[in-house]
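Visitor: Any chance you can model this:
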Amino acid sequence: MRSALQHLKKSDPILAAIIQRVGPFTLEYREPSFETLVRSIVYQQLSGRVASVIFARLHAAAGEERLTPAGVMKLRTERMRKLGLSGQKTLYIRELAKHTRKGRVVFETLAESDDATVIEHLTKVKGIGVWTAQMFLMFALRRNDVLPVADLGIRTAMKKAYGLEDLPKPPEMEKIAAAWKPYTSVACWYLWRSLDNVAAL
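Guide: Sure, this is the predicted structure:
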């Protein structure tokens, strides 16, 4: 990690100031598993505190040490809704469970696949878009060079840090981030933290 921070500080003075202010890199990684991807679906568009409560309820209802497709599928849709999941998220989680059980999503192969292949593989499941797949790349597969151009936190942090008039669009984001390669994910973590956001999956 020392080489990543040295590179980022040297290549981008604005990011160097953010790194200095935020302090040590303390990103917490998760296992590249079914449970982690279910967690990411639960957390979409919710505050961390609310999402953690709902996910804990789902985990308890499944009655497993680690959430599995079988554990999800034994729960009726109505039961999942009563746990606090929206109709859409209930559908998405059940779809992921079905795909995983039928071998259409194979988590064991993802670590060996390149980023584009992982995104293509995961977005076959209804409810898993590019952003969710990118979060999985960063926080579960530990990929160092991911730029989630649709992430509002990254866009907001870039606007603030680089003095932009508007939230940047993907081409402008990619231009700014070019200096960060091959440690874009690390830079993004610091941008999240610069807004006092907890960067987590």
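
Visitor: where does residue 199 land on pLDDT?
Guide: We have a pLDDT of 51 for residue 199.

Visitor: Listing request: residues of this protein with sub-threshold pLDDT.
Guide: By pLDDT under 70, the low-scoring segments of the chain are 197-201.

Visitor: any idea how it splits into domains?
Guide: 2-25+146-194, 34-139 (automatic domain parsing).

Visitor: Turn the ones you listed into JSON lines, including mean neighbour count.
Guide: Heads up, the C-betas are built off the backbone N, CA and C, glycines and all. Formatted as JSON lines, the domains of the chain follow (neighbours: other Cβ atoms under 10 Å):
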{"stretch": "domain 2-25+146-194", "mean neighbour count": "16"}
{"stretch": "domain 34-139", "mean neighbour count": "17"}
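
Visitor: surely residue 66 meets residue 33?
Guide: Yes. Residue 66 lies in contact with residue 33 (Cβ atoms under 8 Å); the separation is 7.3 Å.

Visitor: Which other helices and strands does the helix or strand containing residue 58 contact?
Guide: Assigned by DSSP states H and E, residue 58 belongs to helix 48-62. Using 3 or more Cβ pairs under 8 Å, 6 or more residues apart in numbering; DSSP states H and E, the elements in contact with helix 48-62 are helix 34-43, helix 69-73, helix 77-82.

Visitor: Tell me who's in contact with the residue nearest to residue 123 when sequence neighbours are not counted.
Guide: Spatial nearest neighbour of residue 123, chain neighbours left out: residue 133 (5.7 Å); criterion: Cβ to Cβ, 6 or more residues apart in numbering. The neighbourhood of residue 133, defined by Cβ atoms under 8 Å, 6 or more residues apart in numbering, consists of 118-119, 122-123.

Visitor: circling back: closest to residue 180 out of the helices and strands packed on helix 48-62?
Guide: Residue 180 sits nearest to helix 34-43 of all the helices and strands packed on helix 48-62, at 23.3 Å, using Cβ to Cβ.
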